[in-house]
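In: here is a sequence with its predicted model. Questions after.
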Amino acid sequence: MSVIEELKNRRAIRDYLEKDVEEEKLNILLDAATWAPNDRMREPWTFYVIKGEAKKRYEKLAMDYLQERFPTKPHLVESSLNVLKTTPVHMIITADIVPGDEAATRDNEYAVSCAIHSMWLAARELDLGFVWRTRGVGLVHDERIHTFIGSPENKKVIGNVFIGYPDPFKIANMKQPKRTSYQEKTVWL
């Protein structure tokens with residue numbers, strides 16, 4: 001499949017089989033991420049892989065967060081927690097903050113976004129499902145996730161990616177997404 005076809009066929013996969021992801025495949029994803037473009041070769045990313053016991057601690061953290069955020073929506077809390085429990089691997093990905101240099105810090109965020117997208121495309125080649133979460137159950141905008149990964153100095157959480165083997169039944173029933181034509185989103189100067 002061509003790169004353009006891969007881009008067009010990329011999907012956010014949220015439903016996984018109960019099957020561990022091999023460390024070899026995770027290493028391939030991490031390696032793919034490090035080839036993303038980045039300003040001045042700062043390589044501003046750090047990857048926090050969450051599996052096993054750490055995953056159980058993360059589920060508890062997410063449960064507390066979701067119950068606080070959605071106290072009147074127990075169904076939403078339950079369905080979100082189910083997604084967490086059935087996702088084999090999570091990765092919290094941070095960008096380096098450059099003290100005193102807002103422009104470089106923003107450039108680092110863009111680079112990490114590219115790294116995440118590189119992982120997403122590599123996941124397709126490895127027959128893995130992948131989704132990049134930033135809100136809700138991803139906890140990206142909540143300080144607790146920063147604390148969970150050890151409160152590293154000068155790091156900003158950019159994403160929480162969920163990785164696993166896709167549930168083929170759910171894949172078969174996914175709707176084809178509609179995209180606005182680039183022609184409606186392009187201004188030629």
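Out: Structure's in. What do you need? Numbering: from 1, shown residues only.

In: closest to the centroid, which residue in the protein?
Out: For the chain, the residue nearest the mean C-alpha position is V161 (2.2 Å; Cα atoms, centre = their mean).

In: host element of the closest residue in space to it that isn't next to it in sequence?
Out: Using Cβ to Cβ, 6 or more residues apart in numbering and skipping residues adjacent in sequence, the residue nearest V161 is M91, 4.8 Å away. Bear in mind the C-beta positions are built from the backbone N, C-alpha and C, glycine included. M91 is located in strand 89-96, with elements delineated by DSSP states H and E.

In: show me the shaky parts of this protein.
Out: 1, 136-137 (pLDDT under 70).

In: quick check: the most far-flung residue of the chain relative to its centre vs Y182, distance?
Out: No residue in the chain sits farther from the centre than L189, which is 34.8 Å out by Cα atoms, centre = their mean. According to Cβ to Cβ, to the nearest Å, L189 stands 15 Å off from Y182.

In: for A104, same thing?
Out: Using Cβ to Cβ, A104 is found at 30 Å from Y182.

In: where exactly do the strands run in the protein?
Out: Applying DSSP state E to the chain gives strands spanning 45-50, 89-96, 129-133, 155-164.

In: mind putting those in a markdown table, distance to I28 included?
Out: A markdown table is the format used below for those (distance: least, Cβ to Cβ, whole Å):
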| stretch | distance to I28 |
| --- | --- |
| strand 45-50 | 13 |
| strand 89-96 | 13 |
| strand 129-133 | 12 |
| strand 155-164 | 11 |
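
In: so where's the longest helix in this structure?
Out: Secondary structure of the chain per DSSP state H: the longest helix is helix 102-125.

In: against which helices or strands is it packed?
Out: Helix 102-125 sits against helix 3-9, helix 23-33, strand 45-50, strand 89-96, strand 129-133, strand 155-164, with contacts defined as 3 or more Cβ pairs under 8 Å, 6 or more residues apart in numbering; DSSP states H and E.
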